[in-house]
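Enquirer: Sharing a sequence plus its predicted fold:
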Amino acid sequence: MKTDVLLIPMGTRYADMRAAALAADEAGFDGLWTWDHLRDTEEGDGPGVPEAWTTLTALAEATKRIMLGPLVLNVANRHPGVLANMAATFQAVSGGRLLLGIGAGGSRRTPYAVEQEAIGQKVEGDAVRASRVVDAIALMRRLWSGHAGFLRPDPPPPIIVGGFGPRMAAIAGTHGDGFNTQAFHPQLTELVKIASDAHASSARSASPFLVTAFAGFEDRWLKPDSRARQMLERVGVDRVILLLSPPFDLDAIRRAAK
């Protein structure tokens with residue numbers, strides 16, 4: 001099982017994210033992620049939130065070997081046709097290191113609904129937002145498959161669908177190349193099975209399917225022989241993504257990788 005880190009962008013600046021990314025890359029972590037949010041849920045005079053895609057593209061140029069991905073892009077915020085070209089460009093910049101996490105975005109019940117409303121985006125119901133993920137995947141794949149004149153990614157990045165319930169797990173398995181959820185989700189085993197079974201029954205069953213789960217940056221997830229990691233491996237998780245809060249401790253990143 002691979003070990004990744006996620007740099008939480010709230011309350012930090014790009015320069016600090018870059019320093020942490022370089023430390024993770026040099027220390028041997030397998031992947032680097034950040035969240036796709038536009039504002040800090042803590043009101044105040046903080047520095048704001050660096051935009052995910054811009055940040056990751058810059059980090060792709062700065063780093064050498066580590067995989068990079070958004071966890072996860074809200075498909076309502078970027079037209080999927082434009083996102084297809086963005087992903088293809090990212091593959092060229094990074095040398096094929098993109099893990100393309102996408103999702104339906106937060107519901108009206110989450111604190112992130114405020115940022116959507118602030119940029120003029122209506123927060124639709126769960127079914128509508130989920131259907132947008134399916135449509136986005138279909139359009140991106142169509143453009144990547146050789147639609148005349150469009151940039152094609154080399155290689156096409158795996159599309160990892162984030163979610164916390166059976167609907168999104170099934171969409172991930174049927175239409176995506178992977179599924180992401182919480183490592184400590186009370187229904188983790190069931191959700192992974194739904195996603196894996198849906199993939200096995202889909203038209204894409206011959207392609208690999210990647211399961212990722214996020215958790216805190218803690219020893220129980222870092223130690224190879226820990227019960228927590230063994231549990232994830234039994235469930236079928238391929239990558240554990242550990243969340244790092246700012247200010248980023250570069251020495252801790254280097255020690256953890258060892």
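Expert: Cool, the structure landed.

Enquirer: going forward, measure contacts between C-alpha atoms and count neighbours the same way
Expert: Noted.

Enquirer: What is the burial count for I194?
Expert: Close neighbours of I194, defined as other C-alpha atoms under 10 Å, add up to 22.

Enquirer: continuing past the host helix or strand of it, what's the next helix or strand?
Expert: Here I194 is covered by helix 188-200, with elements defined by DSSP states H and E. Scanning forward in sequence from helix 188-200, with DSSP H and E defining helices and strands, the next element found is strand 210-216.

Enquirer: dump the residue contacts of P111.
Expert: T41 (C-alpha atoms under 8 Å, 6 or more residues apart in numbering).

Enquirer: and with 10 Å instead?
Expert: With contacts defined as C-alpha atoms under 10 Å, 6 or more residues apart in numbering, P111 is in contact with D40, T41.

Enquirer: Surely it is within a strand?
Expert: No - P111: not assigned to a strand; according to DSSP: H, G, I helix; E, B strand; the rest coil it is coil.

Enquirer: Got the phi and psi for T181?
Expert: phi -150, psi -170 (degrees, to the nearest 10).

Enquirer: go on, G96?
Expert: The main-chain torsion angles of G96 are listed as degrees, to the nearest 10 and equal phi 80, psi 30.

Enquirer: Then Q182?
Expert: Taking degrees, to the nearest 10, you get phi -80, psi 140 for the backbone angles of Q182.

Enquirer: Quickly list what it is bridged to.
Expert: F214 (DSSP bridges).

Enquirer: That one: neighbouring residues, count only.
Expert: Q182 has 18 neighbours, counted by other C-alpha under 10 Å.

Enquirer: does it really touch L243, like I thought?
Expert: No - here Q182 does not reach L243: they are 11.1 Å apart, not a contact under C-alpha atoms under 10 Å.

Enquirer: Identify the contacts common to the two.
Expert: Residues touching both Q182 and L243 comprise F214, A215, G216, with contact defined as C-alpha under 10 Å, 6+ apart.

Enquirer: how far away is the first one from L151?
Expert: Noted for F214: a distance of 31 Å to L151, by C-alpha to C-alpha, to the nearest Å.

Enquirer: Comparing the two, which residue is more hemmed in?
Expert: Set F214 next to L151 and count neighbours by other C-alpha under 10 Å: F214 wins out with 21 against 18.

Enquirer: OK, contacts around the more buried one?
Expert: By C-alpha under 10 Å, 6+ apart, the contact set of F214 is 4-6, 71, 180-185, 221, 239-243.

Enquirer: Apply 6 Å and report the result again.
Expert: Q182, A183, V240, I241, L242 (C-alpha atoms under 6 Å, 6 or more residues apart in numbering).

Enquirer: what comes up buried for the host helix or strand of D251?
Expert: Assigned by DSSP H and E, D251 belongs to helix 250-257. Across helix 250-257, burial judged by 16 or more other C-alpha atoms under 10 Å covers L250, I253, R254, A256, A257.
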